[in-house]
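>>> My questions concern the predicted model and sequence given below.
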Protein chains: 2
Amino acid sequence: MDISEVAQRSGVPASTLRFYEEKGLIVSVGRRGLRRLFSPNVLERLALIALGRAAGFSLDEIGRMFAPDGHPEIDRTLLASKARELDRTIKKLTAMRDGLRHAAACSAPSHMECPTFRRLLGAAASGTLGEPDRKTSPTKPRPGNTRRTPRP
Amino acid sequence: MDISEVAQRSGVPASTLRFYEEKGLIVSVGRRGLRRLFSPNVLERLALIALGRAAGFSLDEIGRMFAPDGHPEIDRTLLASKARELDRTIKKLTAMRDGLRHAAACSAPSHMECPTFRRLLGAAASGTLGEPDRKTSPTKPRPGNTRRTPRP
DNA sequence: GTAGAACCTCAAGTCGACTTGAGGTCAAGG
DNA sequence: CCTTGACCTCAAGTCGACTTGAGGTTCTAC
């Protein structure tokens, strides 16, 4: 498969595939002229990468999950600890969600007069709610390259 | 209060306070010589900012929540929509957490042979799990300025 | 009156995960 | 044979939220 086919099948832009290769996350099995050739295995690999990313692992962490010989060698304790971390995050987000819901529905004239809101505020001020997530803005699906269409 | 007192009381580094002022998120009520003077109100404001950040709002979004006259003027539908967004995130994270937990405990020789894991993999590949969060690494509390100690 | 701590400004750097752009190469179709 | 378009490389840019550093000013204490 050449790069555009991988891009199409996986939904990962070609530029990203080159970037991943450079980082050692995927490998091409050769070249035809200048062009990379990929084995279909790369698709599974990309799925694994997507999963890792969705779970909150960095590309570097993901890279370390693949044994030098190639296929995944994932430390189960690492997974468990990520699960615990997610669990903590979930709890915080749940508290936030409930607080926001309440604040949205609360009939107090100003939010500052709502006890629920003030309680949340206190938690935020004390850092209990933790550092915020930095997520790619939800309203703007992705700048530039849209998935599955590497650009005409 | 001068900047270091605000920093101490709020846990927000002085550099960040200057940055926030520049962005229009907080205001100083004057200067003594060159030095900024803050009213105690700024502490509540900072708490509000922290809360907003924890809820996943960007600084720009937070800025828009304060009416030009000063105090918060928060659109309740905005809160509700953020609550819904958080709810979606929570559901995804919960799925991930459960998947990771299973994978961590699963006795299949390789993760690739575990059906639960493969199901998760499929979800990740199809984008169902959404774009990942970019959160400040949990193991590295924060580079540089530690809270409450602006540096000797 | 003078040292030095604390503050100031402004420009530039950082981090992660990519994207973009300029300029070059190559293979297949007409 | 020649065009064209898909691919290549490498450097630089982007985004958000800050931090860092150099170089300058000022308040406070001795």
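Received it, and whenever you're ready, just let me know what you need.
>>> immediately after the helix or strand containing A:A83, which helix or strand?
Using DSSP states H and E, A:A83 sits within helix A:76-105. With elements assigned by DSSP H and E, the helix or strand that comes after helix A:76-105 is helix A:115-125.
>>> That following helix close to chain B?
Yes: residues of helix A:115-125 contacting chain B under CB under 8 Å from any CB of the partner chain: A:120-125. Quick note: C-beta positions are derived from backbone N, CA and C, even for glycine.
>>> where in chain A is pLDDT low?
Within chain A, the ranges that satisfy pLDDT under 70 run A:70, A:133-152.
>>> re the thing from before, let me know the closest of the residues of helix A:115-125 next to chain B to B:R36.
A:A125 (20.4 Å; CB to CB).
>>> that older thread, select only the buried ones of the residues of helix A:115-125 next to chain B in PyMOL?
Here is the PyMOL selection string for the buried members of these, based on 16 or more other CB atoms under 10 Å in any protein chain shown:
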select buried, chain A and resi 120+121+123+124+125
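>>> Need the max-distance pair from the residues of helix A:115-125 next to chain B.
A:L120 and A:A125 (9.7 Å).
>>> Identify the contacts common to the two.
Taking CB atoms under 8 Å, 6 or more residues apart in numbering or on different chains as the criterion, A:L120 and A:A125 both touch B:L51.
>>> mind checking how far stretch A:23-30 is from the chain centre?
21 Å (CA atoms, centre = their mean, to the nearest Å).
>>> So for it, what gets flagged as buried?
Result for stretch A:23-30 [16+ other CB under 10 Å]: buried residues A:25-28.
>>> Check stretch A:69-76 too.
A:72, A:74.
>>> how far does it stretch from start to finish?
This stretch, stretch A:69-76, spans 19 Å end to end (CA to CA, to the nearest Å).
>>> Show residues contacting it.
By CB under 8 Å, 6+ apart, stretch A:69-76 touches A:48, A:65-67, B:103-105, B:110-112.
>>> Return only those of the residues you listed found close to DNA strand C.
Of the residues in these, proximity to DNA strand C by CB under 7 Å from any atom of the strand holds for none.
>>> ok, and the closest non-adjacent residue to A:A50?
B:A124 (4.2 Å; CB to CB, 6 or more residues apart in numbering or on different chains).
>>> unless I'm mixing things up, that neighbour is touching A:E44, no?
No: if you go by CB atoms under 8 Å, B:A124 and A:E44 don't touch, sitting 11.1 Å apart.
>>> how close does the spatially most distant residue from the centre of chain A get to B:H71?
In terms of distance from the mean C-alpha position of chain A, A:P109 ranks first, at 38.7 Å (CA atoms, centre = their mean). To B:H71, A:P109 is 12 Å away according to CB to CB, to the nearest Å.
>>> can you check A:S81 too?
42 Å.
>>> Can you select the buried ones from the contacts of stretch A:69-76 in ChimeraX?
Filtering these down to the buried ones (16+ other CB under 10 Å) takes a single ChimeraX command:
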select /A:48,65,66 /B:103,104,111
